[in-house]
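Enquirer: Generate coordinates for the sequence data below:
(one chain, ligands or ions: 1)
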Amino acid sequence: MSDYQKLVEKARSAAALAQNTEELSGARTDFLGKKSVLSEAKKQLGLLPEGERAAAGRDLNEIRKLIEETFTDRETAIQDEIWGLQFEAERLDISERLESLRRGHLHLITQARDHLEDVFVGMGFTVAEGPEVETAWYNFEALNIPDWHPARGNFDTIFVDLGDPEEVMLRSHTSPVQVRTMEKHEPPIYIVAPGRTFRTDSADATHLPAFNQIEGLVVDNGITMGDLAGTIDSFVQAFFGSEVKSRLRPSYFPFTEPSAEFDISRPDGSWLELGGCGMVHPNVLLNCGIDPEEWQGFAFGFGIDRLVAMRYGLDDIRELVINDARFLRQF
Ligand code: DAH
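Expert: Prediction:
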């Protein structure tokens, strides 16, 4: 019997030494196969006196069972190890992934611009674009601002040293895209045109010399001031939520008649001026080859940076351009 115990011990250490399934099945054959000590012993049971055979047979079976268990246990352990290694190799390190997500994302202004486009596209508008360097025709004249017009002075225009003096400039608003669109397309027109605009303003908490506007233009039959007010209201609600209200105040722009400024309500009940709007001036339609007797339109334009500042409660608009990662990362 003590020989058998030794056999079990040996089988245990052989199993423990096996590093993979091949080695293990080799060891298993050594201890349980046809040529193993156990099998030999079984064959020799018949040589025992009859009275001892049954007990010896039971012992052998017991030993065999123990050894089988030893190998099964080791097999499970080896399989676990293999799976463990595989899991380790295929593991997704979530913390690493968060780190890489942090490496970059769209700038707050770009996010706002995309969001604005989405809201207007949802209202049936398409997105138009125009160049950042413009001629006096597009930036002023076609918009009913001839060169003697005092409104030109309001735009603090940055001129480019090209062509006649004050002939080429960085666009001071996105309104020239209205003209470019009407020149190219017949009504009905429903567009928004977001983009960068430039003025000689020095940067402070509420101004940037390079800023962003979004322009809207609708030209169709029977368009009224009511359509303008309704469009602005729907936009404000879609962008800010239904708690925010909008209002129009009479104002003056050369390219619209009548003209208005539109404000949105702040949580404290005060109003924030967002932009200008109005019914497209008949001269502007004529300048673009559209018959004002047949078509009417409205237009609006407002600053995206201001909108972002209001939406996220920034008290200095320069935060948007100084590229401080600690600021940018928050959005
Ligand atoms: N272009 C104007 C500005 O930058 C804003 C504006 C006012 C745009 C009225 C419009 C409009 O389309 O109808 O100050």
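
Enquirer: residues from the chain in reach of the ligand?
Expert: Within the chain, the positions lying close to the ligand (Cβ under 6 Å from any ligand atom) are 173, 175, 215, 253, 255-256, 275-278, 299-301. The way it works is simple: take the backbone N, C-alpha and C, and place the C-beta from them, glycine included.

Enquirer: ranking those by neighbours, who comes first?
Expert: Ser175 (30 neighbours; other Cβ atoms under 10 Å).

Enquirer: Regarding Gly46, what is its secondary structure?
Expert: Assigned state for Gly46: helix (three-state reduction, DSSP: H, G, I helix; E, B strand; the rest coil).

Enquirer: burial of it, as a residue count?
Expert: Residues near Gly46, counting by other Cβ under 10 Å: 8.

Enquirer: Not counting its neighbours along the chain, what's nearest it?
Expert: Excluding the flanking residues, the one nearest Gly46 by Cβ to Cβ, 6 or more residues apart in numbering is Arg53, at 7.5 Å.

Enquirer: I'd like the distance between that neighbour and Leu32.
Expert: 21 Å (Cβ to Cβ, to the nearest Å).

Enquirer: And those two? Which one has more around it.
Expert: Leu32 (17 against 13).

Enquirer: Give the full set of residues in contact with that one.
Expert: Residues counted as contacts of Leu32 (Cβ atoms under 8 Å, 6 or more residues apart in numbering) are 38-39, 64, 67-68, 71.

Enquirer: Pull the most distant pair out of the residues you listed.
Expert: Greatest spatial distance among the contacts of Leu32 (Cβ to Cβ): Ser39 and Phe71, at 15.0 Å.

Enquirer: neighbour-wise, which of those two wins?
Expert: The neighbour count for Ser39 versus Phe71, taken as other Cβ under 10 Å, is higher for Phe71 (20 against 15).

Enquirer: Name the helix or strand for the more buried one, please.
Expert: Here Phe71, judged by DSSP states H and E, is contained in helix 50-90.

Enquirer: other SSEs contacting that helix?
Expert: Packing contacts for helix 50-90, counted by 3 or more Cβ pairs under 8 Å, 6 or more residues apart in numbering; DSSP states H and E, involve helix 2-17, helix 21-32, helix 37-43.

Enquirer: For it, what is the distance to the chain centroid?
Expert: From the chain centre to the centre of helix 50-90 is a distance of 55 Å (Cα atoms, centre = their mean, to the nearest Å).

Enquirer: got the angle for it vs helix 21-32?
Expert: Angle of helix 50-90 versus helix 21-32, following axes from the mean of the first three to the mean of the last three Cα atoms, to 10 degrees, is 170 degrees.

Enquirer: what's the spacing between Ala151 and Thr126?
Expert: Distance from Ala151 to Thr126, by Cβ to Cβ: 29 Å.

Enquirer: likewise Leu7?
Expert: Distance from Leu7 to Thr126, by Cβ to Cβ: 86 Å.

Enquirer: ok, now which ones touch Thr135?
Expert: So Thr135 contacts 163, 167-169 (Cβ under 8 Å, 6+ apart).
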